[in-house]
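Colleague: 3D model of this:
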Amino acid sequence: MSASGVEIKVHNADQSLFVCQVNSGLAKGQVYRLLTAAFLHVDLFHLLVNSYSLYNIGPQVESICGKYRFYFIYLNAAIAGNLVSWVLCPTPAAGASGAIMGLAGCLTVYYARHHSLMGKRGKKVL
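Modeller: Okay, the predicted model is just below:
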């Protein structure tokens, strides 16, 4: 099975497709796939890139918003990202990219609204 040109190799395809974002499963009402797909990654490189991105963006968002708002933003962005993927992409999908983009969007909005309070650093970040 291929997702976005990347070959997904799994030992037990039935188990992986059980939590992966598969459009036919979502169409049958299996809405849990919108969240579980955010915790499954295609391969090691995909996991490492998402981990590195989360390592860089996550602490900033958490320090600005707090722990519980961070969880709320992350989980809702993961679900929203998988909803968009469901609508726009017919192939199975997995990964936390939508959640990380949501965190990046949150950080961008914060800096855009409050850049004057941070002086040169606020303008530089944007």
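
Colleague: Helix or strand, whichever it is, which one in this structure has the lowest mean pLDDT?
Modeller: strand 2-3 (a mean of 46; mean pLDDT, DSSP states H and E).

Colleague: and the gap between Pro90 and Leu44?
Modeller: Per C-beta to C-beta, to the nearest Å, Pro90 is found 25 Å from Leu44. For glycine as for every other residue, the C-beta is placed from the backbone atoms N, C-alpha and C.

Colleague: Next: Phe70.
Modeller: 26 Å.

Colleague: Please, where are all the helices along the chain?
Modeller: 13-19, 23-27, 33-36, 44-65, 67-88, 97-114, 120-125 (DSSP state H).

Colleague: List of residues touching the third one?
Modeller: Contacts made with helix 33-36 from outside it, assessed by C-beta atoms under 8 Å, 6 or more residues apart in numbering, are listed as 19-22, 25-26, 75, 78-79, 82-83, 86.

Colleague: All good on my end, thank you.
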